[in-house]
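Chemist: Dropping the sequence and predicted coords here.
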Amino acid sequence: MAAFLGISLWIALATVVPGLVTMAAIYGAFALISPLSIGSDIADLKGLNEWVYAGAAITTMVLTQSVGILLEGILVHQHCLGPLKKEVDVPEGIDPCGLTKFSLEPYSEYDGLYLLLAELREN
């Protein structure tokens, strides 16, 4: 049950927060470019009710997440997010095995990230 709560929270945060930011940016752009376009004329159109606004908000949130996923896939596939290999220094006392330096390959780690998230075990 805790795994489903974690997934629900993750989906809510991954879609709602970027969606709200996108809607605020779109509203701000319209307010700067054409302040009259966000007036009450649109709100007075017949047939528009809270379900239409909720549907538009959810569509914006899902599209924002979809574009983000596509952009992430392209950037990772093209190796545009940083070096292929990185040396990491770990302060003493952090690693129980005493490891203080290791090589990290971010793109290889990224390949296993979604598999790790899909397993959803407590450990």
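Modeler: Alright, I've got the coordinates.
Chemist: Quick one: mean pLDDT for stretch 60-70?
Modeler: For stretch 60-70, the mean pLDDT works out to 84.
Chemist: and residue 81, what are its phi and psi?
Modeler: phi -110, psi 20 (degrees, to the nearest 10).
Chemist: if I look at the closest residue to residue 89 other than its chain neighbours, how far off is residue 75?
Modeler: Leaving out its chain neighbours, the residue that sits closest to residue 89 by CB to CB, 6 or more residues apart in numbering is residue 101, at 5.6 Å. In short, each C-beta sits where N, CA and C put it, glycine included. Counting by CB to CB, to the nearest Å, the gap from residue 101 to residue 75 is 28 Å.
Chemist: So for these two, which residue has more residues nearby?
Modeler: Just comparing residue 101 and residue 75: by other CB atoms under 10 Å the higher neighbour count belongs to residue 75, 12 against 8.
Chemist: where does the chain have its least confident helix or strand?
Modeler: helix 40-43 (a mean of 57; mean pLDDT, DSSP states H and E).
Chemist: Quick one: name whatever helix or strand follows it.
Modeler: helix 50-77 (DSSP states H and E).
Chemist: Which helix or strand lies directly C-terminal to that next one?
Modeler: Next along from helix 50-77, by DSSP H and E: strand 86-89.
Chemist: That following strand: how far from the chain's middle?
Modeler: Its chain's average C-alpha position is 26 Å from that of strand 86-89, according to CA atoms, centre = their mean, to the nearest Å.
Chemist: Tell me the strands beside that strand, with direction?
Modeler: Paired strands of strand 86-89, with direction, are strand 101-104 (antiparallel) (DSSP bridges).
Chemist: Show me what the helix or strand following the strand it pairs with is packed up against.
Modeler: Next helix or strand after strand 101-104 toward the C-terminus (DSSP H and E): helix 106-119. Here helix 106-119 touches no other helix or strand, going by 3 or more CB pairs under 8 Å, 6 or more residues apart in numbering; DSSP states H and E.
Chemist: what comes into contact with helix 106-119?
Modeler: Helix 106-119 is contacted by residues 76, 79, 81, 82, 83, 84, 86 when judged by CB atoms under 8 Å, 6 or more residues apart in numbering.
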